[in-house]
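Chemist: Got a predicted structure plus its sequence, pasted below:
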Amino acid sequence: HDEEFPPRILDHVMKNAIKGDVTNVIDVIDKYCWSVEIAMNVGDVKGAILDKSFLEASPKNVLEIGCYCGYSALRMSRLLKEDAKIFTIEASSQYADVAQEIISFAGMEKKVQILRGLSDEVLPTIAEKCGVRTFDFVFIDHAKELYKRDLIMLENLGLIRQGTTIMADNVIFPGCPDYLEYVRNSPKFECTNYPSKLEYCENREDAMEKSIYLP
Ligand SMILES: O=c1[nH]cnc2c(O)cc(-c3ccc(F)cc3)c(Cl)c12
Ligand SMILES: [Mg+2]
């Protein structure tokens, strides 16, 4: 995935999507990624799996680690209940800039707050900064080598509670074997695997892993 992609997708959305119509923005991004160039959004197929788990959890406080262009934040924002909110951590200021534009274009700037910085620098102060005690739903979709570290941080910081749903993207490709081994062998997590395909690909396997926290 090249660094120049995000500005192109932003430009495409601004030119081809309907301002304020979050579902149309999502569709325009998916069509572009299927037809013009692939992006590392969770995509429409895995996105539907995310949607289903999100609706089942019906969360009030949502945390996403890895915002990228804001695609998955938009998918979740359109399913948010009244007075619920999404906090999404993004380390790349270029990605965060594009995501902010796309989220605002879709009219979801009040429901989605982008926190700029590295996850291990943002997480320790997120509770007081965001006025949240624990998160009800967490979507992990950033660098695969940080999944396990960050889940342990969430637990140690008391940012997840009995019944919190954690969804992880890319557990097959690129893959996060240490994370999978950790959650599946821990008595504190109830795991379910959802086999799928890498976003915008027909023939490369990937999967999402759902882990319910039961300390
Ligand atoms: O870095 C990623 N963070 C979060 N999600 C990701 C994802 O869903 C896909 C990929 C990826 C890898 C190799 C490839 F050929 C195409 C796409 C990456 Cl690299 C990430
Ligand atoms: Mg991903």
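Modeler: Sure, I can see it. Numbers count the residues shown, from 1 in each chain. Ligands and ions are numbered 1, 2, ... in the order given.
Chemist: is it true that residue 101 touches residue 11?
Modeler: No: using CB atoms under 8 Å, residue 101 makes no contact with residue 11, being 9.9 Å away. No exception for glycine: its C-beta is placed from N, CA and C like everyone else's.
Chemist: more neighbours, the two?
Modeler: residue 101 (19 against 12; other CB atoms under 10 Å).
Chemist: secondary structure class for the more buried one?
Modeler: helix (DSSP: H, G, I helix; E, B strand; the rest coil).
Chemist: tell me the contacts of it?
Modeler: Taking CB atoms under 8 Å, 6 or more residues apart in numbering, we find residue 101 in contact with 10, 14.
Chemist: 7 Å - rerun?
Modeler: residue 10 (CB atoms under 7 Å, 6 or more residues apart in numbering).
Chemist: Near the closest residue to ligand 1 within the chain, how many residues? Count them for me, please.
Modeler: Closest to ligand 1 within the chain is residue 40: 3.9 Å, counting by CB to the nearest ligand atom. Using other CB under 10 Å, residue 40 is surrounded by 19 other residues.
Chemist: cool, the one 3 residues further on as well?
Modeler: Residue 43: 26 surrounding residues under other CB under 10 Å.
Chemist: Can you name the helix or strand that residue 180 falls in?
Modeler: Following DSSP states H and E, one finds residue 180 within helix 177-185.
Chemist: hmm, that helix touching ligand 2?
Modeler: No: in terms of CB under 5 Å from the ion, no part of helix 177-185 sits within range of ligand 2; the closest distance is 12.9 Å.
Chemist: what sits against the residue nearest to residue 85 when sequence neighbours are not counted?
Modeler: Nearest non-adjacent residue to residue 85, counting by CB to CB, 6 or more residues apart in numbering: residue 111, 6.1 Å away. Residue 111 is in contact with 77, 80, 85, 86, counting by CB under 7 Å, 6+ apart.
Chemist: ditto for residue 67
Modeler: 73, 88, 89, 90, 95, 96, 99, 114.
Chemist: Parallel or antiparallel, which strands does the helix or strand hosting residue 191 pair with?
Modeler: Residue 191 belongs to strand 189-197 when assigned by DSSP H and E. In the sheet, strand 189-197 lines up against strand 205-213 (antiparallel) (DSSP bridges).
Chemist: Would you mark the buried spots in the partner strand?
Modeler: 206, 207, 208, 209, 210, 211, 212, 213 (16 or more other CB atoms under 10 Å).
Chemist: Could you do stretch 151-160 as well?
Modeler: Applying 16+ other CB under 10 Å to stretch 151-160 flags 151, 153, 154, 155, 159, 160 as buried.
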